[in-house]
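# No sequence on hand, only this structure:
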């Protein structure tokens, strides 16, 4: 597609429920990222995929959070046993093949985000 | 521990004047710095970047200045336009990777017509 598409745009759920957030990256972008933006904060890194594999998941806050990208395109962020503190905007971004460090900034293109509210 | 700081949560500027948005960082190993702009209900969009080997990068009305000794960068917008009203985030990339950007908390710019 022309841009990064995220669904749903809004999700309201109850504490303890399971949630899935979907990201459809720009066609041809091999790198995909999930960030989380809490109220009054900047985006915070969660996980990075290069192709189908999670190259770096060090930003996932705990084991209730999991993300997959089975065919190297669409990705799903999964949150189990949601808590009120999980309420945030979850941003997905994609970029072309990751540049070799030192060769230039890697510009991420973000989607509009999925706003998650846990009651 | 906030490694990237934007100490001004908001800024108002008259149309046609210069807007200066500031960003400070603590990690001297950051290699690249980016500015993103965010409108309500949209994702952040890339604006301009600068490498740590430069002290200035210009793109049209937007110029980013980097002062490595002070660990400070600034974004200048001149002349400011009402359409520039948005939240601006600076982001820094550690040398260990070029994807794990650390973002500041943002500055909301309002350009008054």
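Everything's here; your move. Everything numeric in this text was worked out from a predicted model, so none of it was measured.
# which residues in the chain form strands?
No chain in the question, so chain A it is. For chain A, strands defined by DSSP state E occupy the ranges A:5-7, A:10-13, A:19-24, A:31-37, A:44-50, A:53-56, A:65-68, A:75-79, A:88-95, A:109-110, A:114-118.
# you looked at the wrong chain, it should be chain B
B:4-5, B:10-14, B:19-25, B:30-38, B:45-51, B:56-59, B:62-67, B:72-77, B:86-94, B:102-103, B:107-112.
# Please produce a markdown table containing those, extended by mean pLDDT and distance to residue A:2.
Bear in mind the C-beta positions are built from the backbone N, C-alpha and C, glycine included. Formatted as a markdown table, the strands of chain B follow (pLDDT from 0 to 100; distance: least, CB to CB, whole Å):
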| stretch | mean pLDDT | distance to residue A:2 |
| --- | --- | --- |
| strand B:4-5 | 95 | 30 |
| strand B:10-14 | 97 | 32 |
| strand B:19-25 | 97 | 29 |
| strand B:30-38 | 92 | 19 |
| strand B:45-51 | 92 | 13 |
| strand B:56-59 | 94 | 22 |
| strand B:62-67 | 96 | 24 |
| strand B:72-77 | 97 | 26 |
| strand B:86-94 | 92 | 21 |
| strand B:102-103 | 92 | 24 |
| strand B:107-112 | 97 | 27 |
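# Can you verify my assumption that residue A:92 contacts residue A:26?
No - using CB atoms under 8 Å, residue A:92 makes no contact with residue A:26, being 10.6 Å away.
# Looking at the two, which one has more neighbours?
Counted by other CB atoms under 10 Å in any protein chain shown, residue A:92 and residue A:26 do not tie: residue A:92 has more neighbours, with 29 against 18.
# what's the nearest residue to the more buried one if we skip its chain neighbours?
Spatial nearest neighbour of residue A:92, excluding adjacent residues (CB to CB, 6 or more residues apart in numbering or on different chains): residue A:23 at 3.4 Å.
# What of residue A:5?
Residue A:5 sits nearest to residue A:24 (CB to CB, 6+ apart), 4.2 Å away.
# now residue A:107
residue B:46 (4.9 Å).
# Just list the residues touching that neighbour, thanks.
A:107, A:108, A:109, B:34, B:35, B:36 (CB atoms under 8 Å, 6 or more residues apart in numbering or on different chains).
# mind listing what the first one touches?
If I follow you right, that is residue A:107. Taking CB under 8 Å, 6+ apart as the criterion, residue A:107 is in contact with A:95, B:34, B:46, B:49.
# Tell me which two of those sit farthest apart.
A:95 and B:49 (12.7 Å; CB to CB).
# before we move on, back to that, among the strands of chain A, which is nearest residue B:81?
It's strand A:109-110; of the strands of chain A, that one is closest to residue B:81 (CB to CB) at 22.5 Å.
# Run me through the strand neighbours of that closest one, direction for each.
Using DSSP bridges, the strands paired with strand A:109-110 are strand A:88-95 (antiparallel).
# Near residue B:76, how many other residues are there?
16.
# Next one: it from residue B:57, what distance?
Residue B:76 sits 11 Å away from residue B:57 when distances are taken as CB to CB, to the nearest Å.
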